[in-house]
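Chemist: here is my input, please return the structure:
(one chain, ligands or ions: 1)
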Amino acid sequence: MSSIFNSGEETERAPVWVMRQAGRYLPEFRKVREQHEFFEICRSPDLATEVTLQPTRRYAGLLDAAIIFSDILVIPQAMGMEVLMNPGPFFPEPLNTPADVAKLRKHVDVDKELGYVFAAITQTRHALKGQVPLIGFSGAPWTLFAYMIEGGGSKTLQKAKTWLFQYPEESQALLMRIADVCVDYLFGQVKAGAQLLQIFDSWAGELSPHDFATFSLPSLQHIATSLRARLATANIQAVPMTLYPKGANMSLATCAAAGYDVLGIDWCVEPSHARAAIQATPIAIQGNLDPNVLYAGRDAIEREVKRMCREFKGQGANAPKAWIANLGHGITPGVDPEDLKWFFECVHKYSARDAVL
Ligand code: CP3
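Modeler: Residues are numbered from 1 along each chain as shown. The predicted structure is shown next:
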């Protein structure tokens, strides 16, 4: 694996990639999408490999990782739910009450249901020829649980939260059931060649710190612990794992202690504050530019990247230590790919060990 992601070691500059880097802001991605449905791309190892490689080709020498093209919602599909993308996620039959859990598959055979992701990972690893490492990923149980109950996106998460408060035990049981599928799925990804794993808890920040600790955190800890044990038993070397609990900025200390190697943060917390919050477990941090800065032109991008680099260096250590540069959330459609290139160039320049900030 490229040394640039070696668990918090000091590097010449910060390694950088962006969430959703293979996506609709790229004309070459939109061209593939004109011909193929979203989940058709996910299920075809040839198409998934092609789309995963698109940003690594366009930004060769600037971008330090690839992330396998897929979606977090392939887990609910593997558990037996129908999920459509039109244009956002849509579940025709969401889980309305705990009785509906009986409709889910009792045992999920991830090799059978998600073998196409493993095939895409292996094919992409070969196609990358060691140029950059390949990241695998999974949704976090709480975020997946919320989608499975809401049946799609939601501003309030009213249905999912009603479950937590009205059926706490059934909710915890379902969260752990999802976590077990995540463990099998992530294990399969590492076996197939993934070199770093990220868990997306995109809706972590919708929970109070108490509810996050009660419902989300135990399933996140379970994933980290069980996966490491599974890999050790199989004699497979562990890979670094990133936890991205979007918005859970009052829970960073517990997140850092949850068994992961990297903590992904959004732009609503200052890097220096995040560092201070996780002092007891000083793992690496990933993030955290507001993706909307990419719409504001070159001067704003340069200014804000410089400020981010200053914040991450902070505290006197003039080196990009234990930091993976990224946006604070996924890149959105409509960003000019040349402006993203400028973002990468600015990160290279201002995160360098000897940069003047
Ligand atoms: O990062 C990458 O380039 C890898 C691919 C990737 C996708 N989705 C492709 C995608 C990853 C890592 C995801 C994760 C994902 N999917 C998350 C967690 C990250 C986050 O953004 O919070 C979530 C919540 C989903 C669920 C999902 N998939 C939503 C809400 C949507 C629609 C909204 C949107 O952003 O378009 C999707 C669709 C989706 N997943 C697209 C892509 C490129 C765009 C759909 C299209 O091509 O038509």
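
Chemist: what's the distance between the closest residue to the ligand within the stretch 201-350 of the chain and residue 328?
Modeler: Here the residue of the stretch 201-350 of the chain nearest the ligand is residue 202; by CB to the nearest ligand atom that distance is 3.1 Å. For every residue, glycine as well, the C-beta is placed using N, CA and C. Residue 202 is 12 Å from residue 328, where distance means CB to CB, to the nearest Å.

Chemist: show me what contacts the residue of the stretch 201-350 of the chain closest to the ligand?
Modeler: 72, 139-140, 143, 244, 246, 329 (CB atoms under 8 Å, 6 or more residues apart in numbering).

Chemist: so which of those are in strands?
Modeler: 139, 244 (DSSP state E).

Chemist: which of the contacts of residue 202 are buried, as a ChimeraX select command?
Modeler: Isolation of the buried members of those (16 or more other CB atoms under 10 Å) is achieved in ChimeraX through the command below:
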select :72,139,140,143,244,246,329
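
Chemist: what segments of the stretch 151-300 of the chain are helices?
Modeler: According to DSSP state H, counting those that start in this stretch, the stretch 151-300 of the chain carries its helices in the segments 158-166, 168-192, 209-211, 217-233, 252-256, 271-277, 298-313.

Chemist: contact partners of the third one?
Modeler: What it means is helix 209-211. Outside helix 209-211, the residues within contact range by CB under 8 Å, 6+ apart are 164, 248, 250-251.

Chemist: of these, grab the buried ones for PyMOL.
Modeler: The buried subset of these, as determined by 16+ other CB under 10 Å, is captured in PyMOL by this line:
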select buried, resi 164+248+251
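
Chemist: gap between residue 230 and residue 277?
Modeler: Using CB to CB, residue 230 is found at 30 Å from residue 277.

Chemist: with residue 283 instead?
Modeler: According to CB to CB, residue 283 and residue 277 sit 12 Å apart.

Chemist: which neighbours do the two have in common?
Modeler: Contact criterion CB under 8 Å, 6+ apart; residues shared by residue 283 and residue 277: residue 256.

Chemist: the more surrounded of residue 230 and residue 277?
Modeler: For residue 230 versus residue 277, neighbours defined as other CB atoms under 10 Å are more numerous around residue 277 (20 against 17).

Chemist: how about the more buried one, nearest residue that isn't a chain neighbour?
Modeler: Spatially, and ignoring its direct neighbours in sequence, residue 277 is nearest to residue 252 (4.2 Å; CB to CB, 6 or more residues apart in numbering).

Chemist: give the contact list for that neighbour.
Modeler: Residues in contact with residue 252 (CB under 8 Å, 6+ apart) are 263, 265, 269, 274, 277-278.

Chemist: neighbours of the closest residue to residue 280 other than its chain neighbours, just the number please.
Modeler: Leaving aside its sequence neighbours, residue 280 sits nearest to residue 253 (CB to CB, 6+ apart; 6.5 Å). Residue neighbour count, defined by other CB under 10 Å, stands at 16 for residue 253.

Chemist: for the ligand, what are the nearby residues on the stretch 151-300 of the chain?
Modeler: Contact residues (CB under 6 Å from any ligand atom) of the stretch 151-300 of the chain with the ligand: 153, 200, 202.
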